[in-house]
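Participant: when you get a sec, could you give me coordinates for this:
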Amino acid sequence: MVTQSRMGVLFVCLGNICRSPTAHGVFETLVAAQGHDGWLTVDSCGTGDWHVGEQPDQRAMTEAGKRGVALSHLRARQVRENDFFEFDYILAMDRANLRHLESIKPSSFQGHLGLFLDYAPEPGIAEVPDPYYGGEEGFTQVLDLIEDASQGLLQALIDAR
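Facilitator: Below is the predicted model of the structure:
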């Protein structure tokens, strides 16, 4: 676990090239813009290893860039056991990845493991849909969902501090 003075947030999807790096970039940008980057650490990863070392999907980078969010500095990586000791909040984009994380979670993990959209202000959509096999509109929808949930997450972290 990260020390009390710092809090770590890890976003997780399947390949770490669409949803979780988008959440990483959006949340990191929001945190910095609101002056909370001194106590929050943000990262992302995937449960699979197909894209390790790659930049986010070009469509994700393009759509995020339209909103002033840079993703090109991010590189895909796979979740590792040590993540459960480095991050206080591990947030999956969907239930399948959450189940995978629950299956590998060390029994000593004391942080929060859950769905990212639990922090969205409007209930109804529980999972961030995977836009990989669709068009640009899927990436736009993902950004909308992530921006909403990021606001709620940041407020929850501020309240928990």
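Participant: what ranges do the strands span in this protein?
Facilitator: In the chain, the segments counted as strands under DSSP state E are 7-13, 40-46, 89-92, 112-115.
Participant: tell me how far the first one is from the chain's mean position?
Facilitator: Just to be clear, that refers to strand 7-13. Distance of strand 7-13 from the chain centroid (CA atoms, centre = their mean, to the nearest Å) equals 5 Å.
Participant: now swap in the third one and tell me
Facilitator: When distances are taken as CA atoms, centre = their mean, strand 89-92 is centred 7 Å away from the chain's centroid.
Participant: do the same with stretch 154-161
Facilitator: Here stretch 154-161 shows a centroid-to-chain-centroid distance of 16 Å under the convention CA atoms, centre = their mean.
Participant: neighbouring contacts of it?
Facilitator: With CB atoms under 8 Å, 6 or more residues apart in numbering as the test, stretch 154-161 has contacts from 7, 9, 27, 30-31, 34, 36, 39-40, 89, 119. (Glycine included, C-beta is placed from N, CA and C.)
Participant: hmm, 6 Å instead?
Facilitator: Residues outside stretch 154-161 that contact it (CB atoms under 6 Å, 6 or more residues apart in numbering): 7, 30, 119.
Participant: got CSV for the strands of the chain, with mean neighbour count and mean pLDDT too?
Facilitator: CSV is the format used below for the strands of the chain (neighbours: other CB atoms under 10 Å; pLDDT from 0 to 100):
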stretch, mean neighbour count, mean pLDDT
strand 7-13, 26, 97
strand 40-46, 23, 97
strand 89-92, 26, 98
strand 112-115, 16, 98
